[in-house]
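S.K.: Give me the fold of what follows.
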Amino acid sequence: MKPAKKAKGAPSKFTPDTRRRLIEAVAAGVPFAHACAVCRVSYSSFCDYRNAHPEFAAQIERAVAEAIEKHLRLIIRAAESGDTASSRWFLERVHSQHFARNRVEVTGADGAPLAGAIAVYLPRKETGEPPVPAIGASHHEP
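M.R.: Residues are numbered from 1 along each chain as shown. A predicted model of the protein is given here:
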C-alpha cells in the first residue's frame, strides 16, 4: 500500500470558517473584492476556488440573489409607504432602459441618425503632390 501523498504548497486559505465568512459578507451585499479583503483572501484566489468548487459557487450565487431580494423587498415596502425616493431608485435600477437618469441619446442634426465617414488618404509617390482621398472616400475641405 502506497502512503498518501502530501499536498504541496501552502495550506488552503479556504477553510470552512473563511468560506462561511465570505458567504455571509456577500449575503450582506459586500462586493466580492471587499469580502475577499475582509477574509484575507485574494480576489483571484476567490475566483479560482469558486470555479473549482461548484457547490461553493452555488452558495455564493444564492447569497447574492437572497441579498438582492431582501433589499428590493425593503425598497418596495418603503415605496408603498410613500417614499418617492425609494420608488424612483427602484425604477431607475430595475427598469433602467425606461427610467435611468444617466440615459444618453446621441443623434445627428435635427434628430437624424448619426452619419460618419472615414477617409483614407494616400500620398502621390511620383509627383510629391498633397495626398488625395482613396477610392470610395469623400473629401471635405475644412
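S.K.: in the lengthiest helix in the chain, what counts as buried?
M.R.: Longest helix of the chain, by residue count under DSSP state H: helix 54-80. Residues of helix 54-80 classed as buried by neighbour count (16 or more other C-beta atoms under 10 Å): 56, 59-60, 63, 75, 78-79. C-beta coordinates here come from the backbone N, C-alpha and C atoms, glycine included.
S.K.: quick one: average pLDDT of whichever helix or strand comes after it?
M.R.: Downstream of helix 54-80, the next assigned helix or strand under DSSP states H and E is helix 84-94. The average pLDDT for helix 84-94 rounds to 83.
S.K.: quick one: the longest helix of the chain to helix 84-94, angle?
M.R.: Using axes from the mean of the first three to the mean of the last three C-alpha atoms, to 10 degrees, the direction of helix 54-80 lies 140 degrees away from that of helix 84-94.
S.K.: So which other helices or strands are in contact with helix 54-80?
M.R.: helix 16-27, helix 43-52, helix 84-94 (3 or more C-beta pairs under 8 Å, 6 or more residues apart in numbering; DSSP states H and E).
S.K.: winner for burial among those?
M.R.: helix 16-27 (a mean of 16; mean count of other C-beta atoms under 10 Å).
S.K.: hey, C-alpha coordinates of that helix in CSV?
M.R.: Extracted C-alpha coordinates of helix 16-27, given in CSV (Å, rounded to 0.1, in the frame of the first residue of the first chain):
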residue,chain,number,x,y,z
PRO,A,16,-14.8,26.2,6.4
ASP,A,17,-14.7,29.4,8.5
THR,A,18,-13.3,31.5,5.6
ARG,A,19,-16.0,30.1,3.3
ARG,A,20,-18.7,30.9,5.8
ARG,A,21,-17.4,34.5,6.3
LEU,A,22,-17.2,35.1,2.6
ILE,A,23,-20.8,33.8,2.0
GLU,A,24,-22.1,36.0,4.9
ALA,A,25,-20.3,39.1,3.6
VAL,A,26,-21.7,38.6,0.1
ALA,A,27,-25.1,37.9,1.5
